[in-house]
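Engineer: my questions concern the predicted model and sequence given below.
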Amino acid sequence: MWKVRAPRERELLAAVDLGDAMPAFAPMSRAEQLVLDYTATGVAVGDHAMNVVRPTLPADFKTARDLMTVPHGAFVRTAGMVICRQRPQTASGVVFITLEDETGFINLILWAKTFERWRHVATTSSLLAVHGAAQRQGAVVYVVPERLERIGLHQVPAMSRDFH
């Protein structure tokens, strides 16, 4: 019986003159690799943006998983990647933003006045830090922001589905 053996790379290229030596590139940081992944493919291959950002945030920033245990009305700080912005015609100017972090989804409700105050940050940021009150409706938790901040991670390209 014949045994097929995959040739080794050096055997395949043994007789080929490759010319110049391979250039030496400095290794990319996790953040640079993440931005490259999103820019080139629209997805992150091995890491989530929040895994890179989380160590730079204060310890009291909650994950989506943490928010599930926060009491109604509690002031929270959280952060995530913007995946959806909605402004339904029937919502009287209320804007809904969905963030994604490494543990799940975070739903934001921005009242019209709050949205107008933070419009630029809310509509142009790929990663957001949120400061506001947790609101519970059964098993669903929302955060009603008082303040929004852009998180700079070499500015990950916007991948969200937006109303604008």
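Structural biologist: Cool, got the structure.
Engineer: can you pull the contacts of the residue nearest to the spatial centre of the chain?
Structural biologist: In the chain, the centroid-proximal residue (CA atoms, centre = their mean) is Met81; its distance is 2.8 Å. By CB atoms under 8 Å, 6 or more residues apart in numbering, the residues touching Met81 are His48, Ala49, Met50, Leu99, Glu100, Asp101, Ser126, Leu127, Val156, Met159. From N, CA and C alone the C-beta is placed, and that goes for glycine too.
Engineer: and which of those residues is nearest Leu34?
Structural biologist: The nearest member of the contacts of Met81 to Leu34, counting by CB to CB, is Ala49 at 5.9 Å.
Engineer: just the element for the spatially closest residue to that closest one that is not a sequence neighbour, please.
Structural biologist: Closest residue to Ala49 apart from its sequence neighbours, by CB to CB, 6 or more residues apart in numbering: Met81 at 5.0 Å. Applying DSSP states H and E as the criterion places Met81 in strand 75-86.
Engineer: what about that strand, average pLDDT?
Structural biologist: Strand 75-86 comes out with an average pLDDT of 94.
Engineer: quick check, distance from it to the centre of its chain.
Structural biologist: Relative to its chain's centre, strand 75-86 lies at 9 Å (CA atoms, centre = their mean, to the nearest Å).
Engineer: run through who's touching stretch 48-66.
Structural biologist: Against stretch 48-66 from outside (CB under 8 Å, 6+ apart): 30-31, 34, 38, 70, 76-81, 99-106, 126-127, 129, 151, 153, 156.
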